[in-house]
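Asker: Next one to model:
(one chain, ligands or ions: 2)
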Amino acid sequence: MDEESAAVHTTYLTDLIAQSKHNKGAAGQLQRVLNFLGHNPVQKTDNPVRIGVLGASQVATYALIWPAQRIADVEVAAVAARDPKRAADYAKKHGIPVAHGSYQQLVDDPSLTAIYVATPNGLHGEWAEAALRAGKHVLCEKPFTANAEEARLVQSVAAKQRLLCREAFHYKEHPANKAVAQLLQSGAIGQLQQLAVQVLIPAWAFSKDDIRFQARLAGGTMMDAGCYCAHTLRFFPGCSRPHVTSATAGKAQQQLLVARQC
Ligand SMILES: NC(=O)C1=CN([C@@H]2O[C@H](COP(=O)(O)OP(=O)(O)OC[C@H]3O[C@@H](n4cnc5c(N)ncnc54)[C@H](OP(=O)(O)O)[C@@H]3O)[C@@H](O)[C@H]2O)C=CC1
Ligand SMILES: O=C1OC[C@@H](O)[C@H](O)[C@H]1O
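Answerer: Ligands and ions are numbered 1, 2, ... in the order given. Below you'll find the predicted structure:
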């Protein structure tokens, strides 16, 4: 969304929130949408965490750039794309002060504290590792890497470098999920018997050449939506380490990217 449309949406939502003052639930929902639009930037502190975005991606806008505008001690300080012009255009559009024409330049930028890896899945491991070796903390998009071997390597580099390296699963930070986890932990609702997870994402939301449909970039339903299922199964207290008894690979359905696990 460009700045002008964001401003229009913001005004509209602010009016709606004012009108919903007698309905706290609705007002809260609307406030969250307004926050998501991120159009109320705050003054940064003197020494914010300076994050560089690796990949001029869609996800970086709503997962990092807009939310960071409302956080005083976080600054999105640079972006890199494989093409310098694309990096410059993206930086201009989103008010990012520095644009790098290669991922390596971003990783080597001494002014940055952390790197947000927002590339196709197949490149997560390589660039998370490069960023860690260059002394940067890493926030890596899900799924963490393309396979377990890469994941172990990246984690070992993070440990050796004494740097943070987190996978960007935000669902587990949501208060509703934390409350469920706490209920399960406390035993207040008994012991967990079964957990069924299903993620449905409309396939029409993406073009045919989207990174999600490209095996060479570690795409595919299980990598895109299915990693939420696998992660959820391990996240809640009482869940044992999943044991795979069978697996069947098939072509994605026409209408939906569907991933299920029990
Ligand atoms: N946590 C969450 O809620 C979400 C996470 N994601 C994850 O974020 C990542 C990016 O997804 P999304 O932003 O939707 O994807 P986009 O296609 O919008 O962005 C991917 C970026 O990767 C870069 N890239 C590098 N190599 C290639 C290549 N060979 N082909 C295509 N792009 C390439 C491109 O950057 P450039 O051209 O600038 O170099 C591009 O901007 C994925 O891993 C996805 O799983 C996605 C959505 C939500
Ligand atoms: O992680 C994700 O969340 C939102 C979806 O649009 C997307 O396919 C997936 O990458």
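Asker: Show me what from this structure comes close to ligand 2.
Answerer: 142, 201, 212, 224 (Cβ under 6 Å from any ligand atom). C-beta: built from backbone N, CA, C; applies to glycine.
Asker: Which members of these occur in strands, if any?
Answerer: Ile201 (DSSP state E).
Asker: Tell me which two of the residues of the chain next to ligand 2 sit farthest apart.
Answerer: Spatial extent of these (Cβ to Cβ) is set by the pair Lys142 and Ile201 at 13.2 Å.
Asker: for stretch 93-111, which positions count as buried?
Answerer: 94, 96, 98-101, 103, 105-107, 109 (16 or more other Cβ atoms under 10 Å).
Asker: Which ones among these lie within strands?
Answerer: If you go by DSSP E, these have 98-100 in strands.
Asker: Please tell me how far Pro237 sits from Glu173.
Answerer: As judged by Cβ to Cβ, to the nearest Å, Pro237 and Glu173 stand 16 Å apart.
Asker: Relative to Ala128, which of the buried residues of stretch 93-111 is nearest.
Answerer: Closest to Ala128, out of all of those and judged by Cβ to Cβ, is Val107, at 10.1 Å.
Asker: What confidence value was assigned to the closest one?
Answerer: With respect to pLDDT, Val107 has a value of 98.
Asker: My guess is it contacts Leu54. True?
Answerer: Yes. Taking contacts as Cβ atoms under 8 Å, Val107 lies within contact range of Leu54: 7.3 Å.
Asker: Between these two, which contacts overlap?
Answerer: 115, 127, 131 (Cβ atoms under 8 Å, 6 or more residues apart in numbering).
Asker: Tabulate the residues you listed in TSV, adding columns for pLDDT, distance to Asp83 and neighbour count.
Answerer: Shown next, in TSV, are those (pLDDT from 0 to 100; distance: Cβ to Cβ, whole Å; neighbours: other Cβ atoms under 10 Å):
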residue	pLDDT	distance to Asp83	neighbour count
Ile115	98	19	28
Trp127	98	16	23
Ala131	98	20	31
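Asker: nearest to Ala148, of those?
Answerer: Closest to Ala148 out of these is Trp127 (18.0 Å), distances taken as Cβ to Cβ.
Asker: Just give me the neighbour total for the nearest residue to the closest one once chain neighbours are set aside.
Answerer: In space, and not counting its chain neighbours, Trp127 is closest to Val117: 5.0 Å by Cβ to Cβ, 6 or more residues apart in numbering. Around Val117 there are 31 other residues, counting by other Cβ atoms under 10 Å.
Asker: what's the burial count for Gly220?
Answerer: 18.
Asker: Compute the distance between it and ligand 2, please.
Answerer: 11 Å (Cβ to the nearest ligand atom, to the nearest Å).
Asker: how much space is there between that residue and Pro67?
Answerer: For Gly220 relative to Pro67 (Cβ to Cβ), the value is 28 Å.
Asker: Touching, Ala130 and Val107? I think so.
Answerer: Yes. Counting by Cβ under 8 Å, Ala130 touches Val107, with 5.1 Å between them.
Asker: give the contact list for the residue nearest to Trp127.
Answerer: So Val117 contacts 54-55, 123-124, 127-128, 131, 138-141 (Cβ under 8 Å, 6+ apart).
Asker: Dig out what it forms beta bridges with.
Answerer: Val117 has the following beta-bridge partners by DSSP bridges: Leu54, Cys140.
Asker: Can you give me the pLDDT of the spatially most central residue of the chain?
Answerer: In the chain, the residue lying closest to the centroid (Cα atoms, centre = their mean) is Ala168, at 4.4 Å. Listed pLDDT for Ala168 reads 96.
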